[in-house]
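Asker: give me a 3D structure for the following:
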Amino acid sequence: MSLGAHLVELRRRLMICAAALVVTMIVAFFVTDPIIDFITAPVEAIADRHPEVIVGLTFSSVTAPFDLRMRMAFSIGIFLAAPIWLWQIWAYIMPGLTRKEIKYTIGFVAAAIPLFFAGCYVGSLVVPHVIELMAEFTPEGANNLYEGKLYFDFILKLMLVVGVSFVLPVFLVALNLSGVMTGRAILKGWRVAVLIASVFAALATPAADVVSMLLLAGILVVLFFAAAGLSMLFDRRKKQQMAAEGLLPDADA
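Answerer: I've put the predicted structure just below:
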């Protein structure tokens, strides 16, 4: 295909992605009430535990409630439309890949997507504890009034950060398959990996919520060792294949 044909194809696929996003946003806009009930559950728990404190969401402008629902619809729409825009991206780049690259890409995507959503789920479990624990530091006589937009952004960003952290082991395996790092080299960095996982878990969760911190750090460490073990398995298979083809140097020479 010529450059112009590539651009026309790209525009067509972008239009399909945009149309899918608009449709899913419209659908998501009408189901924002259950999502609002879910994310405000920690606020209601704080209000029940501290009836003397005014707790709730606030909106600083006339259009702020509508803006919040639009933000939620956009975020949910991206997730709902994921099968469509992921397929469009794949269909656009697939003709330029070799059969081996296609095989690896399918494997990476098949591993990364479940891990990302698993991370988002773990993040959704951590978020209520973070909000409730942070509310305990409210000075006496003060109220907990959360700006709706900032409150939703905090929850979304925390869930995305945890979700992305779950996908990082997939990139380690990708580096191994591309020949950048061996499985043994990845495993040798386990001390640094444990330290990074602990620091990340400490930053993503409140300092006083030890259970959530240990849970998140433990999952990240397990994923790291799983990536290292899988990389060492790939290295072993590669070495056996090279030995069978006579590509390894003779140890007796």
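Asker: how long is stretch 38-56 end to end?
Answerer: 14 Å (CA to CA, to the nearest Å).
Asker: what are the buried residues along that stretch?
Answerer: Within stretch 38-56, the residues that qualify as buried are 39, 40, 42, 43, 46, 47, 53, 55, counting by 16 or more other CB atoms under 10 Å. Using the backbone N, CA and C atoms, a C-beta is placed for each residue, glycine as well.
Asker: who's in contact with the fourth one?
Answerer: Under the criterion of CB atoms under 8 Å, 6 or more residues apart in numbering, the contact list for residue 43 reads 55, 56, 57, 131, 144, 146.
Asker: between those, which is closest to residue 195?
Answerer: Of all those, residue 131 has the smallest distance to residue 195: 27.2 Å, by CB to CB.
Asker: so what's the closest one up against?
Answerer: Taking CB under 8 Å, 6+ apart as the test, what residue 131 contacts is 42, 43, 46.
Asker: all strands for the stretch 1-150 of the chain, in order.
Answerer: 55-58, 144-147 (DSSP state E, counting those that start in this stretch).
Asker: could I get the contacts of residue 43 in a markdown table, plus columns for pLDDT?
Answerer: Listed next are the contacts of residue 43 as a markdown table, based on pLDDT from 0 to 100:
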| residue | pLDDT |
| --- | --- |
| 55 | 81 |
| 56 | 83 |
| 57 | 84 |
| 131 | 83 |
| 144 | 82 |
| 146 | 87 |
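Asker: same list (the residues you listed) but as JSON lines, adding distance to residue 111.
Answerer: Converted to JSON lines, the contacts of residue 43 look like this (distance: CB to CB, whole Å):
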{"residue": "55", "distance to residue 111": "41"}
{"residue": "56", "distance to residue 111": "41"}
{"residue": "57", "distance to residue 111": "37"}
{"residue": "131", "distance to residue 111": "31"}
{"residue": "144", "distance to residue 111": "40"}
{"residue": "146", "distance to residue 111": "36"}
